[in-house]
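> next comes the sequence, and after it the predicted model I'd like to discuss.
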Amino acid sequence: MLPALPDGDERELESSEEGGGAGEERRPERHGSTYHSLYGYRGCSLSLLDTNLPAEAETELRSFIAKRLAKGALFEGMGNVASVGLSIPEYKVGCYYCRFQQENLLEMATLESDVNAPEYVVCFLGGSEKGLELFRLELDKYIQSLKINLDLEQKNMETYVKPYLRSWFENAICPIQRVVQLFQEKLAFLLHAALSYTPVEVKNADERTEKDISRFLAAASLQGLVQEGTMTSLCIAMTEEQHKSMIIDCSGPQPQLHNAGSNRFCEDWMRAFVNGAEGGNPFLFQQILENFKLKAIQDINNLKRFIRQAEMNHYALFKCYMFLKNCGSGDILLKIVKVEHAEMPEARNVVTVLEEFMRETSVA
């Protein structure tokens, strides 16, 4: 079955305005309207350092942030997402806000308790609350560079800080969308490489494209969702087995792939991404990516359950085989459970039999 978002989730991601009409018609304006604000924070007062919000909307945002600070709801380096109503055309938008200190001053404050290091609050506004929540961890990472490089001298503000703040949407939200648009149907190979931890080498790409591809591979992998030891062993096993990285050559208008693999599971999900690209909603791709990983984890857990049953039941062994045959990603799932069950003799025997079944089927 072709994967898809529940209708309600898709509608909410398509429209960030309450009571909105057709999401398609508003997409260009909404995604073009992104905002930021940077404040200095000392004592209980906020001082504006940079923003692209209209004056009235900025005052409303500052009031919202001041209330959150007064409640003690902002922790250093950990962003929050909320929906705020401001005097802007979109009225209600998603707002990511984060309190932070400069990295070097934070270290000084830790060493010397009497040092009162200046603090800052940064706000990024655009899309819906639900859409931004999908990218909260990415935006936390985006703030890290600001923490390290923040310097309020006029020259640095103009050459680094302000451009960095203006680019938050392009740099933190849009990379997955750009990869989908670049690879189109070849995205299935990228999904397969991410799931299987196949080494990937990118050639002849500009810096942004290379970073986008790396970001996509990391976001599509199961790192953090399965045991760390399993991922490490799988990386080693895949490297030893293939002896070849998947090569992505970006020298032409369309990327050319070498030593690439795919399966039915990844091809089905590729279609979900490509269909989503028609609407042009960057928030939708992160939701599809999360659903993709969730389904992969569900399939791994189902296979592991069947293997436990098959240790004592021959019919369950047949169920394992049928599941692998029909799930569309049997090649990857079998490698993952093989690594996980390497120290379990009975389960390892079941996996060995399943590998033989799969080899015979592929030859036939």
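Perfect, thanks for sending it. Residues are numbered from 1 along each chain as shown.
> next, the distance between the ends of stretch 182-201.
Across its full length, stretch 182-201 reaches 17 Å between end residues, using C-alpha to C-alpha, to the nearest Å.
> mean confidence for the longest helix along the chain?
For the chain, the longest helix by residue count, based on DSSP state H, is helix 282-310. Per-region confidence: helix 282-310 scores 93 on mean pLDDT.
> what packs against that helix?
helix 7-14, helix 129-133, helix 175-183, helix 207-220, helix 264-277, helix 314-327, helix 330-340, helix 345-363 (3 or more C-beta pairs under 8 Å, 6 or more residues apart in numbering; DSSP states H and E). Every C-beta, even on glycine, is put in place using the N, C-alpha and C of the backbone.
> next, format those as CSV and append mean pLDDT, mean neighbour count and distance to residue 142.
Output for these, formatted as CSV (pLDDT from 0 to 100; neighbours: other C-beta atoms under 10 Å; distance: least, C-beta to C-beta, whole Å):
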stretch, mean pLDDT, mean neighbour count, distance to residue 142
helix 7-14, 38, 16, 21
helix 129-133, 93, 20, 12
helix 175-183, 95, 21, 11
helix 207-220, 96, 17, 11
helix 264-277, 94, 20, 23
helix 314-327, 90, 16, 36
helix 330-340, 86, 21, 31
helix 345-363, 78, 14, 41
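> quick one, what contacts residue 64?
Contacts for residue 64 (C-beta atoms under 8 Å, 6 or more residues apart in numbering) come out as 82, 84, 95.
> A strand includes the last one, no?
Same thing as residue 95. Yes - assessed with DSSP: H, G, I helix; E, B strand; the rest coil, residue 95 lies in a strand.
> burial count for it?
Neighbourhood size, residue 95 [other C-beta atoms under 10 Å]: 23.
> okay, it: pLDDT?
Residue 95 carries a pLDDT value of 96.
> and it, what are its bridge partners?
Per DSSP bridges, the residues bridged to residue 95 are residue 82, residue 125.
> my guess is it meets residue 84, correct?
Yes - counting by C-beta atoms under 8 Å, residue 95 does reach residue 84; the two are 4.6 Å apart.
> give the contact list for the residue lying closest to residue 34 once chain neighbours are set aside.
With sequence-adjacent residues excluded and distances taken as C-beta to C-beta, 6 or more residues apart in numbering, residue 34 is closest to residue 126, at 3.6 Å. By C-beta under 8 Å, 6+ apart, the contact list for residue 126 reads 30, 31, 33, 34, 35, 93, 94, 132, 169, 173.
> of all those residues, which comes closest to residue 277?
residue 31 (13.5 Å; C-beta to C-beta).
> and the contacts of residue 64 as CSV, adding distance to residue 339?
As requested, the contacts of residue 64 are arranged in CSV below (distance: C-beta to C-beta, whole Å):
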residue, distance to residue 339
82, 41
84, 46
95, 42
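> for residue 258, state which of the residues you listed is nearest.
Nearest to residue 258 among the contacts of residue 64: residue 95, at 43.8 Å, using C-beta to C-beta.
> find the nearest non-adjacent residue to residue 58, please.
residue 51 (5.1 Å).
> and that neighbour, bridged to which residues?
Beta-bridge partners of residue 51, as defined by DSSP bridges: residue 37.
> list the contacts of it.
Counting by C-beta under 8 Å, 6+ apart, residue 51 has contacts 35, 36, 37, 38, 58.
> would you convert the residues you listed into TSV that also reports neighbour count?
Output for those, formatted as TSV (neighbours: other C-beta atoms under 10 Å):
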residue	neighbour count
35	24
36	21
37	24
38	21
58	20
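> center of the protein - which residue?
For the chain, the residue nearest the mean C-alpha position is residue 219 (4.3 Å; C-alpha atoms, centre = their mean).
> ok, that residue to residue 138 distance?
The span separating residue 219 from residue 138 equals 8 Å under the rule C-beta to C-beta, to the nearest Å.
> my read: residue 151 touches residue 161, true?
Yes - with contact defined as C-beta under 8 Å, residue 151 counts as touching residue 161 (7.4 Å).
> looking at those two, which is more packed in?
Comparing residue 151 with residue 161 by neighbour count (other C-beta under 10 Å), the higher total belongs to residue 161, at 19 against 12.
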